[in-house]
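**Student:** let me see the structure of the following:
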Amino acid sequence: MCTSDGSSSRRKYDILIWGATSFTGEKLIEYLAANAPEDTRIAIGGRNLTKLEDVRVRLSAKHPPESSVIEAMDIVVGDSADAARMHEVAAQTRVVASTVGPYARYGTNLVHACVDEMTDYCDITGEVPWVKQMHSELNDQAVNSSVHIASLCGFDCIPADLGCMMLAEHAHEKFKEPLLHVKGSVVDIRTGISGGSIASISDQIGAEVKDVLTSLTASRKPSTDNGKKIEKRGMIHYDKTLQRWQTFWMMASVNSATANWAGHVLEYGPDFEYEESMSTQSLFHAVAIALGLFYGTFLMMFNLTYTVMYALKVFPKPGEGPSESFIQSGFFSLHLEASTENHTFYGKVTCSSDPGYGETIKYLGESALCLAFDRDGSFRPGVYPPSVIMGKALLRRLRNKDCVFRVSDEPIPDTESSKKHI
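**Tutor:** Numbers count the residues shown, from 1 in each chain. Prediction:
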């Protein structure tokens, strides 16, 4: 086991991009080449030396201003199935930023190696059961070794996770009250998907079906939370604040699980609860979206569906993703309504590019830089969501990169968004 504290003087690299030949990995190379501080020591890694060399050459030619930075990136080769090699890989760097999913299949050995070698780690998985498994297996060791393992650093689940943290701080500082409940509504979104994301979704599809069925049968009767009545909403319901119909949002289960976990660890309030849905134009659209998502989820349970969709080029193949123009034209807006015992207030999280790729790359890149260069006594070691580990430091970084995280005592008008509603 490496006894290094991860300081720059004892590691060869500051950041290792693991899975650099994937669609997301290539985007992360581009992002860090353009945004990392000068002299940051970055390496790229994966299974295939030839493909890694090709990526480095191609991206260097594609981005002349950053060509010298990209050309200087060393290559680290290893197979995620080789536990011994993952230890050798992790020991070389202060931080690993992994894009290799599905993580339950390909990520376990690397995370174990990072904890053993005292290497900080971040990824973009939305596989909450796997993250909880890593927490169960490794959290005590990570805490004792002051290692930071921050999963869920992409669109799954930064907006909900940091958004709730922001609201909890506002409740505690302004009202001197605990945060009891946050209702998230996705009111604007345009995003693409990559082949890697399709593979990850397929691994979680059973859990998604279960969540849909649970939402369909959810009670809508009010419950009492610390004396305050919180309305329990079903899959389709009317939001009085937004004055719009709401329906099932496919990432709600992941985002809710993450925000609720962080809320418990950071003690937002007794029995804190986050829930999330999608805002629609009408009741008809709400029903149509719910049925479409349910039917699509059902079809993705069968291998034949992938074969047909790949043949028709509906689904991108592994390594493929949306075009650069599509990424730049993407957007999303998340409206947040927060409750304490005596107050209701609001938040908003927005961006100006594809949340699945433009913003996710920004989130992961800044998470890696945050772990590499901002780490101080406020960082919490262990296996946790990003708000628990990096907290205000990551929120500050993202705000400096034009990510909007806003709090208001009044509802934030939808007209502030430059995009149209779903």
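
**Student:** tell me, what residue is most central in the protein?
**Tutor:** residue 154 (2.4 Å; CA atoms, centre = their mean).

**Student:** residues touching that one, list them.
**Tutor:** Neighbour list for residue 154: 124-126, 356, 360, 363-364 [criterion: CB atoms under 8 Å, 6 or more residues apart in numbering]. All C-beta spots, glycine's among them, are computed from the backbone N, C-alpha and C.

**Student:** what's the closest non-adjacent residue to it?
**Tutor:** Closest residue in space to residue 154, ignoring its immediate chain neighbours: residue 124 at 3.2 Å, by CB to CB, 6 or more residues apart in numbering.

**Student:** about what we covered before: bridging residues for the residue nearest to the centre of the chain?
**Tutor:** Beta bridges link residue 154 to residue 157, judged by DSSP bridges.

**Student:** quick one: it and residue 355, what's the gap?
**Tutor:** For residue 154, the distance to residue 355 (CB to CB, to the nearest Å) stands at 9 Å.

**Student:** and residue 184, by the same measure?
**Tutor:** From residue 184 to residue 355 the distance is 14 Å (CB to CB).

**Student:** thinking residue 261 is in contact with residue 383, fair?
**Tutor:** No: assessed by CB atoms under 8 Å, residue 261 is found out of contact with residue 383, at 10.8 Å.

**Student:** next one: phi and psi at the residue nearest to residue 154?
**Tutor:** Main-chain dihedrals, residue 124, degrees, to the nearest 10: phi -120, psi 20.

**Student:** just for the protein, where's the confidence low?
**Tutor:** For the chain, applying pLDDT under 70 flags the ranges 1-9, 191-232, 295-322, 326, 414-422.

**Student:** okay, now the domains of it?
**Tutor:** With domains defined by automatic domain parsing, the chain comprises 1-153+355-401, 158-352+403-416.

**Student:** neighbour-wise, which of residue 261 and residue 383 wins?
**Tutor:** A count of neighbours by other CB atoms under 10 Å puts residue 383 above the other of residue 261 and residue 383, at 27 against 22.

**Student:** element containing the more buried one, please.
**Tutor:** strand 382-384 (DSSP states H and E).

**Student:** pull the residues that contact that strand.
**Tutor:** 111, 115, 131, 134-135, 138-139, 142-143, 147-151, 261-262, 265, 388-389.

**Student:** pull out the buried residues from the host helix or strand of residue 129.
**Tutor:** Counting by DSSP H and E, the element that carries residue 129 is helix 128-145. Within helix 128-145, the residues that count as buried by 16 or more other CB atoms under 10 Å are 128, 130-131, 134-135, 138-139, 141-142, 145.

**Student:** repeat that for stretch 102-113.
**Tutor:** 102-104, 106-113.

**Student:** and stretch 235-251, by the same measure?
**Tutor:** Per 16+ other CB under 10 Å, stretch 235-251 contains these buried residues: 235-237, 239, 242, 244-251.

**Student:** so of the domains of the chain, which one's packed in deepest?
**Tutor:** Across those, averaging neighbours per residue (mean count of other CB atoms under 10 Å) puts domain 1-153+355-401 on top, at a mean of 20.

**Student:** surely residue 368 is in contact with residue 15?
**Tutor:** Yes: counting by CB under 8 Å, residue 368 touches residue 15, with 5.0 Å between them.

**Student:** residue contacts, residue 137?
**Tutor:** residue 112.

**Student:** measure it to residue 374 for me?
**Tutor:** 27 Å.

**Student:** same question for residue 54.
**Tutor:** Distance, residue 54 to residue 374, by CB to CB: 33 Å.

**Student:** what do you get for residue 119?
**Tutor:** Counting by CB to CB - residue 119 and residue 374 are separated by 16 Å.

**Student:** quick revisit: for the strand holding residue 383, which strands pair with it and how are they oriented?
**Tutor:** If you go by DSSP bridges, strand 382-384 pairs up with strand 148-150 (parallel).

**Student:** what residues does the strand it pairs with touch?
**Tutor:** Counting by CB under 8 Å, 6+ apart, 111, 114-115, 120-123, 134, 138, 142, 367, 371, 375, 379-386, 389-390 sit against strand 148-150.

**Student:** helix or strand right after that strand?
**Tutor:** Next along from strand 148-150, by DSSP H and E: helix 158-170.

**Student:** quick one: the very next helix or strand once past that next one to helix 158-170, angle?
**Tutor:** Per DSSP H and E, the first helix or strand lying C-terminal to helix 158-170 is strand 181-190. Taking axes from the mean of the first three to the mean of the last three CA atoms, to 10 degrees, one finds that strand 181-190 is oriented at 140 degrees with respect to helix 158-170.

**Student:** for the residue nearest to residue 183 when sequence neighbours are not counted, what are its contacts?
**Tutor:** Spatially, and ignoring its direct neighbours in sequence, residue 183 is nearest to residue 337 (4.5 Å; CB to CB, 6+ apart). Shown in contact with residue 337 (CB under 8 Å, 6+ apart): 182-183, 185, 241, 344, 346, 411.

**Student:** re earlier: wait, the residue nearest to residue 154 sits on residue 360?
**Tutor:** Yes: counting by CB under 8 Å, residue 360 is a contact partner of residue 124 at 5.7 Å.

**Student:** can you list residues touching both of these two?
**Tutor:** Counting by CB under 8 Å, 6+ apart, the common neighbours of residue 124 and residue 360 are 24, 154-155.

**Student:** TSV for these, including distance to residue 331?
**Tutor:** Putting the shared contacts of residue 124 and residue 360 into TSV (distance: CB to CB, whole Å) gives the following:
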residue	distance to residue 331
24	19
154	16
155	12
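
**Student:** pick the one among the residues you listed closest to residue 71.
**Tutor:** Among the shared contacts of residue 124 and residue 360, residue 24 lies closest to residue 71 (CB to CB), at 21.2 Å.

**Student:** could you list the alpha-carbon positions for whichever strand or helix holds the closest one in CSV?
**Tutor:** According to DSSP H and E, residue 24 maps onto helix 23-35. The C-alpha trace of helix 23-35 is given here as CSV (Å, rounded to 0.1, in the frame of the first residue of the first chain):
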residue,chain,number,x,y,z
PHE,A,23,-16.9,9.8,-25.8
THR,A,24,-17.1,11.4,-22.3
GLY,A,25,-13.4,10.8,-21.7
GLU,A,26,-12.4,12.7,-24.8
LYS,A,27,-14.6,15.6,-23.8
LEU,A,28,-12.9,15.6,-20.4
ILE,A,29,-9.5,15.8,-22.0
GLU,A,30,-10.6,18.8,-24.0
TYR,A,31,-12.1,20.5,-20.9
LEU,A,32,-9.1,20.0,-18.7
ALA,A,33,-6.6,21.0,-21.4
ALA,A,34,-8.5,24.3,-21.7
ASN,A,35,-9.3,24.9,-18.0
